[in-house]
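Quick one, what's the 3D model for this:
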Amino acid sequence: MKISVNIEAGALAAMPLNGDRIAVDMDGIELATLVDAVNTHGTLLRIADQPGQIVVEDSLPFGTQLNGLCCSTAHITSEDNALLHALSQQSEAYGDAEWVHYTGSGYLLRLDAWSFPVLRLKRLGLSKACRRLVVTLQRRYALSLIHFDAFGELLPGFDVFDW
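Purely as a prediction, here's the structure:
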């Protein structure tokens, strides 16, 4: 399970432990603030029986939560826009409209619909810059959904196209 929490800390120290775990010491963080921030992600944070040990439990079964990200359509080229629009409008059974959805202001890509979605996007003709963005976001955040939205935010470090 991966969660991302944005809270401000005065100082932060991390120490690696066994079993792919880390211990984190955060100065200037109220425990109630941390618990609230984690619980907004659908997980349950509680204090364990041993003093100082914190346990995160997921209240939902595995596979019921989807990780997604929304970003600006400025990260895709005008050719990508035309291609995604054409794919989202297919009406045939088992077409690309089952995983590329038009949202009115952009496109929602269901990356978990294919074993290798970026390879599929390459075969369909999506630009290298857009494929690089999808691969990077998918690896960095373990995404299953990406929403390219006209009103979405620009992501730093990625190509931007003015069309």
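
So this protein: which segments form each domain?
If the domains of the chain are taken from automatic domain parsing, they occupy 11-58, 68-149, with pieces of a single domain joined by a plus sign.

most neighbours per residue, which of these?
Each of the domains of the chain was assessed for mean neighbour count using mean count of other Cβ atoms under 10 Å. The highest is domain 68-149, with a mean of 16. Every C-beta, even on glycine, is put in place using the N, C-alpha and C of the backbone.

quick one: the strands in this protein?
11-16, 22-27, 43-47, 54-58, 68-72, 100-102, 106-110, 145-149 (DSSP state E).

now the chain, which segments are flagged as low pLDDT?
Flagging of the chain using pLDDT under 70 yields the residue ranges 1-7, 18-24, 31, 38-39, 41-63, 93.

quick one, longest helix in it?
In the chain, assigned by DSSP state H, the helix with the most residues is helix 128-141.

Which strands and helices lie in contact with it?
Applying 3 or more Cβ pairs under 8 Å, 6 or more residues apart in numbering; DSSP states H and E, one finds that helix 128-141 makes contact with strand 68-72, helix 117-124, strand 145-149.

what's in contact with the last one?
Contacts of strand 145-149 from elsewhere in the structure, counted by Cβ atoms under 8 Å, 6 or more residues apart in numbering, are 66-73, 75-76, 84, 103, 105-112, 134, 137-138.

who touches residue 158 in this structure?
By Cβ under 8 Å, 6+ apart, residue 158 lies in contact with 75, 129, 132-133, 136.

for those, which one is nearest residue 17?
Here the nearest of these to residue 17, counting by Cβ to Cβ, is residue 136; it sits at 28.2 Å.

Please report the distance of that closest one from residue 69.
The spacing between residue 136 and residue 69, counted by Cβ to Cβ, to the nearest Å, is 11 Å.

before we move on, what about residue 106?
Between residue 106 and residue 69 the distance is 12 Å, computed by Cβ to Cβ.

Then residue 140?
For residue 140, the distance to residue 69 (Cβ to Cβ) stands at 9 Å.

likewise residue 146?
When distances are taken as Cβ to Cβ, residue 146 and residue 69 turn out to be 6 Å apart.
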